[in-house]
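> Structure of the sequence below:
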Amino acid sequence: MKKKIACAGRILWDSVETANSFFKRFKGLMGRRSLLESEGMLITCCNQVHTFNMRFTIDVIYLSKQMRVVRVDTLPPNRIGPFVKNAVSVLEVAAGTSALNGIKLGDELALI
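Model (predicted):
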């Protein structure tokens with residue numbers, strides 16, 4: 001079931017998959033051709049990601065236990081993102097959409 005991600009009562013992404021099992025976390029976005037601006041993947045129990053076997057650049061939003069933004073990166077294909085100590089989950093979205101939605105450090109996101 002797809003969820004929505006909101007910030008300050010405003011829906012930012014309305015088609016977000018949750019990767020909360022080993023297989024879903026392992027597969028992530030690999031093999032997909034693209035990601036729409038409204039789509040994303042929330043990877044739980046995660047503080048580092050890679051873009052191996054991906055065909056497109058993504059924005060990576062690292063989140064704390066309270067769903068606060070602790071870091072935002074843009075990651076092209078075939079790269080390893082940084083290990084982010086305070087992150088417990090990662091939101092992967094289409095490249096550029098974190099800036100379009102005004103995401104900044106300290107923002108509190110909500111999964112609805």
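
> Show residues contacting the worst-scoring helix or strand of the chain on mean pLDDT.
Lowest by mean pLDDT, DSSP states H and E among the helices and strands of the chain is helix 22-27, with a mean of 85. Helix 22-27 is contacted from outside by Glu17, Thr18, Ala19, Ile43, Thr44, Cys45, Cys46, using Cβ atoms under 8 Å, 6 or more residues apart in numbering. The C-beta positions use only the backbone N, C-alpha and C, and glycine is treated the same way.

> For the residue minimising distance to the centre of the chain, which non-adjacent residue is closest in space?
The centroid of the chain falls nearest to Leu91 when counting by Cα atoms, centre = their mean (1.6 Å). Excluding the flanking residues, the one nearest Leu91 by Cβ to Cβ, 6 or more residues apart in numbering is Ile61, at 4.2 Å.

> Run me through the strand neighbours of whatever helix or strand the one you found lives in, direction for each.
Ile61 belongs to strand 58-63 when assigned by DSSP states H and E. Strand 58-63 has the following strand partners under DSSP bridges: strand 69-75 (antiparallel), strand 89-94 (antiparallel).
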